[in-house]
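A.B. asks: Prediction below, plus the sequence it came from.
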Amino acid sequence: MKVMKFGGTSVGSAQRMKNMVKLVAAEGNAIVVLSAMSGTTNSLIAITQSIKEGEINNAQKQIDELERKYFETAAELLSDNEMLRAANDTINTFFSKLRSYLDKTITEKEEKEIVAFGELLSTNLVILYMKEADMNAVLLDATEFMKITPEGEPDMKFIKQQANKAISRYPEVDIYLTQGFICRNHNDEIDNLQRGGSDYTASLIGAAIGADEIQIWTDIDGMHNNDPRFVEGTTPVNELHFEEAAELAYFGAKILHPTCVLPAKHANIPVRLLNTMQPEAPGTVIYNTQPTHTIKAVAAKDNITAIKIKSTHMLLAYGFLRKVFEIFEKYHTPIDMITTSEVGVSVTIDNERSLDVILSELKEFGNVTVDKDMVIVCVVGDLEWQNRGFEADVVNALREIPVRMISYGGSNYNISLLIRKEDKIRALKLLSQYLF
Ligand code: ADP
Ligand code: ASP
Ligand code: MG
């Protein structure tokens, strides 16, 4: 069985929903993971923000507007009166629940409950349309089997057990529909897998049930060789190794959630990126490809902070790096890039939550400098070190751009360069021009 995940734009209107259901029907037997309709998660976050800031009139207006969109979508989607009535009842239930938060104190827990409404609404509408189309489909509640640990990691043992159990309850069913993104945490509260997390749901379910393939259906024909939002003339990459796709997703290729490749890679299940608006396009397939000895694609990750620690005691001082890293570990702050010299070390982080306290502790080891608003540009491909010339090509392409750090050799699959935010688009264009 395949897992088919449809993103926000692929369920973004009644017409798009009908279109995606057609693709599912053609597959016949699948687990279908849906995002919220595009724009909904952002609206829900804006609504919580308004409530938190005491702007209740504003929140009320935002809720009314969102609700109107759902009534309109249902009316366009469903022609059977009974189905339409059921859809309107569901919409009423969700929106009166949403309105009940207007006079509440919104904590992190309530915020997560509210943000979950998007996926709950889209799946509740689509299941009615599937029923109307006489499909043999069932809606499974993702919060019954998707779970994260206290560290925010997927609880794979639980997911495997419970997802298989949920499916085996309906052995005669063809289509198992469920929500992406949402889950429960160790306190059994509603939680989520972070923005864009529906991709992650799909690959976690795929790994849990041993799927034949995980399909990510979106609004573009696969992983392009550069970011199409900033560079013209990008083209899709037909095949990527799991490692290459993981690097691209982690370093900013928005088409995939940063960690979504991992479960598929561990379970060795191919991931296929496909376009709902152009389903016949080959897209991108991600699996254990043979080495190609080529550069595949470029991506960029924003909002990076670089920290340099210069120490007079670093020379021959074993244990120095450990002490530095322990500070980041203590404050749960992952490091993306690292470069060292005899007198110092530079690292980058993308999470500034604990920056002040980290800096004050680092100052005990030496001189600390910080560069904010930086961008990691990441060039990905089969860059095994005996393949000559790739790093020269990359550095050469960027010879006009000031580069703060370069990292190469950490894996066979990437070269990362740290540049200023204002140079990002020019750097991406130059890389496309020189490399492809
Ligand atoms: P969905 O809502 O289906 O999850 P996303 O918006 O998360 O879709 O991801 C698809 C978008 O990712 C594309 O519309 C495109 O603008 C963006 N994107 C960024 N980098 C790339 C890339 N290298 N290849 C393809 N798409 C990319
Ligand atoms: N709806 C969620 C978001 O917008 C999850 C997703 O679409 O993948 O982030
Ligand atoms: Mg996405």
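C.D. replies: Done, it's in. Numbers count the residues shown, from 1 in each chain. Ligands and ions are numbered 1, 2, ... in the order given.
A.B. asks: Any idea which residue is closest to the centre of this structure?
C.D. replies: By CA atoms, centre = their mean, the chain has its centre lying nearest to His257, at 2.0 Å.
A.B. asks: you'd agree that one is up against Gly196?
C.D. replies: Yes: contact status for His257 versus Gly196: in contact at 4.5 Å, counting by CB atoms under 8 Å. (C-beta placed from N, C-alpha, C; glycine too.)
A.B. asks: residues near Thr149, how many?
C.D. replies: Counted by other CB atoms under 10 Å, the residues lying close to Thr149 total 12.
A.B. asks: got it, and Thr48?
C.D. replies: Neighbours of Thr48 (other CB under 10 Å): 21.
A.B. asks: now Val231
C.D. replies: Other residues close to Val231 by other CB under 10 Å number 19.
A.B. asks: Ok, Leu66 next?
C.D. replies: Around Leu66 there are 22 residues (other CB under 10 Å).
A.B. asks: so how far is Asp212 from it?
C.D. replies: Relative to Asp212, Leu66 is positioned 37 Å away (CB to CB, to the nearest Å).
A.B. asks: same thing with Gln15?
C.D. replies: From Gln15 over to Asp212 (counting by CB to CB), the distance is 29 Å.
A.B. asks: pLDDT below threshold where in the protein?
C.D. replies: 312-316 (pLDDT under 70).
A.B. asks: So which residues on it come close to ligand 3?
C.D. replies: Gly7, Gly196 (CB under 5 Å from the ion).
A.B. asks: try 6 Å this time
C.D. replies: By CB under 6 Å from the ion, the residues of the chain that approach ligand 3 are Gly7, Gly196, Asp199.
A.B. asks: contacts with ligand 2 among those, please.
C.D. replies: For ligand 2, the contacts drawn from the residues of the chain next to ligand 3 by CB under 6 Å from any ligand atom are Gly7, Gly196.
A.B. asks: closest to ligand 2 among the residues of the chain next to ligand 3?
C.D. replies: Gly196 (4.5 Å; CB to the nearest ligand atom).
A.B. asks: helix/strand/coil for the closest one?
C.D. replies: Secondary structure, DSSP: H, G, I helix; E, B strand; the rest coil: Gly196 is coil.
A.B. asks: list the contacts for it?
C.D. replies: Counting by CB atoms under 8 Å, 6 or more residues apart in numbering, Gly196 touches Lys254, His257, Pro258.
A.B. asks: let's see it at 6 Å
C.D. replies: His257 (CB atoms under 6 Å, 6 or more residues apart in numbering).
A.B. asks: coming back round to it: for my notes, please list the residues of the chain next to ligand 3 in TSV and give distance to ligand 1 for each entry.
C.D. replies: Converted to TSV, the residues of the chain next to ligand 3 look like this (distance: CB to the nearest ligand atom, whole Å):
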residue	distance to ligand 1
Gly7	2
Gly196	5
Asp199	6
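A.B. asks: Return the closest of the residues of the chain next to ligand 3 with respect to Lys52.
C.D. replies: Gly196 (22.8 Å; CB to CB).
A.B. asks: report the longest helix in this structure, please.
C.D. replies: helix 56-77 (DSSP state H).
A.B. asks: For that helix, which helices and strands make contact with it?
C.D. replies: helix 14-27, helix 40-52, helix 81-100 (3 or more CB pairs under 6 Å, 6 or more residues apart in numbering; DSSP states H and E).
A.B. asks: list the helices and strands the first one packs on?
C.D. replies: Spelled out, it's helix 14-27. Counting by 3+ CB pairs under 6 Å, 6+ apart, helix 14-27 packs on helix 56-77.
A.B. asks: cool, the longest one as well?
C.D. replies: Applying 3+ CB pairs under 6 Å, 6+ apart, we find helix 81-100 packed against helix 56-77, helix 117-132.
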